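Fold the following.
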Amino acid sequence: MMRINIKGTIIPNDDKWIYDWLEWDSTCPNDVNKLIDQANGEPLDVIINSGGGDIFAGSEIYSALRSYKGEVSIHVVGVAASAASVIACAAQSDISPTAMFMVHNVSGGARGDYHVMDKNSDILQTANKTIAAAYIAKAGMDEKEALQMMDQETWLTAQQAVEKGLIDSVAENQNLKLVAAYQSAVLPQSVIDKIRDMVKAPPDQAGFLMPEKAQAQAQAKLTLLKLRGGINND
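Numbering: from 1, shown residues only. Now for the predicted structure:
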């Protein structure tokens, strides 16, 4: 049996190295797809403890698990929130008694005039419907109920998640390591861009910047950025 961990923030493939460099837990589609390829039809044991993240990365992981030809068992051990709650709907699932399940609206950012804002609103509402499709497919609820649940940012206990049909059962085995707090540390795109620029530091007077020096310089700037409030865990 192949074990797949969906831990930390769900992110695009291109951002994975940044989260690894910061030593932050994260999961990208490539992480999951590599293990699926290695499993080669063997049963998958998927462990979820994630506050969510990028909806497109989450959708790719959901689709990969849902289309897998072998058996897939999903276990929510801490929290399955936002994009992670979509992944939790991909197959047969259980949830630890102390775990939680959360759904909410898709969020994003835009700059521009009122036409841009109106367009962004339309995109977000359409994205909400694509996310709701996972809950509808899993629980058999109608779209109106799913969207209302998302609009209210609904937090569910293990039992409530089962009653809603979003999870199949409450786990009997309580030997898994659990968590008692919810936190999703998503790097703002502006911070990701700054880190990329830091690592790709300009040449020094000798014409080259050694990797060790570049890393030290980037780490120093990143620390300063944190102190100035450029990175947070909201």
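
Give the next helix or strand downstream of the lengthiest helix in the chain.
Ranked by number of residues, the top helix in the chain under DSSP state H is helix 114-139. Per DSSP states H and E, the first helix or strand lying C-terminal to helix 114-139 is helix 143-151.

which residues touch that following helix?
103-105, 128-129, 131-132, 135-136, 139, 141, 164 (Cβ atoms under 8 Å, 6 or more residues apart in numbering). From N, CA and C alone the C-beta is placed, and that goes for glycine too.

Please point out which parts of that helix sit buried.
For helix 143-151, burial by neighbour count (16 or more other Cβ atoms under 10 Å) applies to 146-147, 149-150.

Pick out whichever of the residues you listed sits closest to A110.
M150 (19.8 Å; Cβ to Cβ).

what about the strands in the protein?
According to DSSP state E, the chain carries its strands in the segments 2-10, 26-27, 44-53, 72-81, 92-95, 100-103, 154-157, 169-170.

Run through who's touching stretch 23-37.
Here stretch 23-37 has contacts from 2, 4-13, 15-16, 19-20, 44, 50, 53, 57, 60-61, 64-65, 68, 185, using Cβ under 8 Å, 6+ apart.

roughly how far apart are V46 and V106?
Per Cβ to Cβ, to the nearest Å, V46 is found 23 Å from V106.

Looking at the two, which one has more neighbours?
V46 (24 against 18; other Cβ atoms under 10 Å).

can I assume that one is in contact with K7?
No - with contact defined as Cβ atoms under 8 Å, V46 does not count as touching K7 (10.9 Å).

For the residue lying closest to G78 once chain neighbours are set aside, grab the count of nearby residues.
Nearest residue to G78, sequence neighbours excluded (Cβ to Cβ, 6 or more residues apart in numbering): N49, at 3.4 Å. As a burial measure, N49 scores 24 neighbours (other Cβ under 10 Å).

pretty sure N49 is touching I74, no?
No - using Cβ under 8 Å as the test, N49 is too far from I74 to be in contact (11.7 Å).

remind me which residues of the protein are low pLDDT?
173-186, 198-234 (pLDDT under 70).

which residues sit in contact with the residue lying closest to A91 once chain neighbours are set aside?
Leaving aside its sequence neighbours, A91 sits nearest to V72 (Cβ to Cβ, 6+ apart; 3.7 Å). By Cβ under 8 Å, 6+ apart, the contact list for V72 reads 43-44, 46, 65, 90-92.

you'd agree N128 is up against S107?
No - judged on Cβ under 8 Å, N128 makes no contact with S107 at a distance of 10.0 Å.

Same drill for those two, tell me which one is more crowded.
Neighbour count, other Cβ under 10 Å: between N128 and S107, N128 has more, with 19 against 9.

who touches that one in this structure?
Counted by Cβ under 8 Å, 6+ apart, N128 has contacts 105-106, 147, 150.

how about those in a markdown table, adding distance to A84?
Formatted as a markdown table, these follow (distance: Cβ to Cβ, whole Å):
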| residue | distance to A84 |
| --- | --- |
| N105 | 15 |
| V106 | 14 |
| L147 | 19 |
| M150 | 14 |
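
Which members of those residues define the maximum pairwise distance?
V106 and L147 (11.0 Å).

what's the spacing between S96 and D168?
13 Å.

Which one's more surrounded, those two?
Ranked by neighbour count (other Cβ under 10 Å), S96 and D168 place S96 first, with 22 against 15.

wait, isn't A134 in contact with Y62?
Yes - with contact defined as Cβ under 8 Å, A134 counts as touching Y62 (6.2 Å).

what do the two both touch?
Joint contacts of A134 and Y62 (Cβ under 8 Å, 6+ apart) are 86, 89-90.
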